[in-house]
Every structure is written in C-alpha cells, then in structure tokens.
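Q: sequence and computational prediction follow.
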Amino acid sequence: MLRTVSAATRCFSLANPTSKRSFSSVITLSDEEPVKKLQDSSKCILYYTATWCPPCKMIKPVYEALSSAHPSVTFGKIDVDDNADAAASARISSVPTFTGWNNGEKVAEFAGADENMLKDLIAKLEAQ
C-alpha cells in the first residue's frame, strides 16, 4: 500500500499510443515499456504520483513549470493507481516520489513534495 509523504520535454515521442505529451512538456506514461525506454534513452526525471495525494497536487504545477524551463531533461509522470505494475517494478512505496536517470542509470531518488530537492536533481542531471 502506498503512503503519501507530506512536505512543506521537450517533445519526446515514444511512438506508443498509451503515452501522451501534455502542454507542460511532461510525458504521461501508462505502462512499464515506455518507462524503461525513457530511462534508457536520456537524462530524465520520473514523477510517481496519485490523483488523491495532496502533496502531489501541490508539487504538480512546479514540476510542470520546471519541465518547460529545462529542455535538456525529459520529464515523465506515472500515476501509481493507473500503473500499479510500473510503480511496483520501481519499488515505489510513497507518493510523490521522484527518480532521476542518466542513460539508464539511476542517479537519485527522493520522496516528498520538495521543490528544492527537485531543482537540485535537475541541476545534477544537467551537470552530467
């Protein structure tokens, strides 16, 4: 069972009908295969979220704004209720959780709606 953690793309096509690009440059992923392709292909951040999660709702506009401001990093979003297999495979136990990837290697992971940690993760990826 997931718990919430409270806390004060550029265009990228996976040629998958279950993926869709939102206006904010955040790619909504809906199964494990596109998640794996995204992790392996570029510098990316995956945001595990749920519609019922208040901290997720709080950080969502921040994440969307950062996605537009940092085109060198691909931003993905996975709803853990709609994609339980992808969340289980990633061993996600709380939402929101953010994972940072560089060419298939996980470089960071944190849980919570912390804007500063998210900005630090972006800076870390951009520096690599």
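A: Thanks, I have it.

Q: in this protein, which helix has the most residues?
A: helix 54-69 (DSSP state H).

Q: name the helices or strands packed onto that helix?
A: Packing contacts for helix 54-69, counted by 3 or more CB pairs under 8 Å, 6 or more residues apart in numbering; DSSP states H and E, involve strand 3-4, strand 26-29, strand 43-49, strand 74-79, helix 115-127. To be clear about C-beta, it is placed using only N, CA and C from the backbone, and glycine gets the same treatment.

Q: tell me the mean pLDDT for that helix?
A: For helix 54-69, mean pLDDT rounds to 97.

Q: which stretch among the helices and strands packed on helix 54-69 comes nearest Asn103?
A: strand 43-49 (7.6 Å; CB to CB).

Q: what's the mean pLDDT across the closest one?
A: pLDDT averaged over strand 43-49 gives 96.

Q: who does that strand pair with, and is each partner parallel or antiparallel?
A: strand 74-79 (parallel), strand 97-102 (antiparallel) (DSSP bridges).

Q: let me know the angle separating that strand from helix 54-69.
A: Counting by axes from the mean of the first three to the mean of the last three CA atoms, to 10 degrees, strand 43-49 lies at 160 degrees to helix 54-69.

Q: just the C-alphas of strand 43-49, formatted as PDB.
A: The C-alpha trace of strand 43-49 is given here as PDB (Å, rounded to 0.1, in the frame of the first residue of the first chain):
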ATOM      1  CA  LYS A  43      18.500  12.400 -18.800                       C
ATOM      2  CA  CYS A  44      15.100  12.200 -17.300                       C
ATOM      3  CA  ILE A  45      13.100  12.600 -14.100                       C
ATOM      4  CA  LEU A  46      10.200  10.300 -13.400                       C
ATOM      5  CA  TYR A  47       7.400  11.600 -11.100                       C
ATOM      6  CA  TYR A  48       5.300   8.900  -9.400                       C
ATOM      7  CA  THR A  49       2.000  10.500  -8.300                       C
END
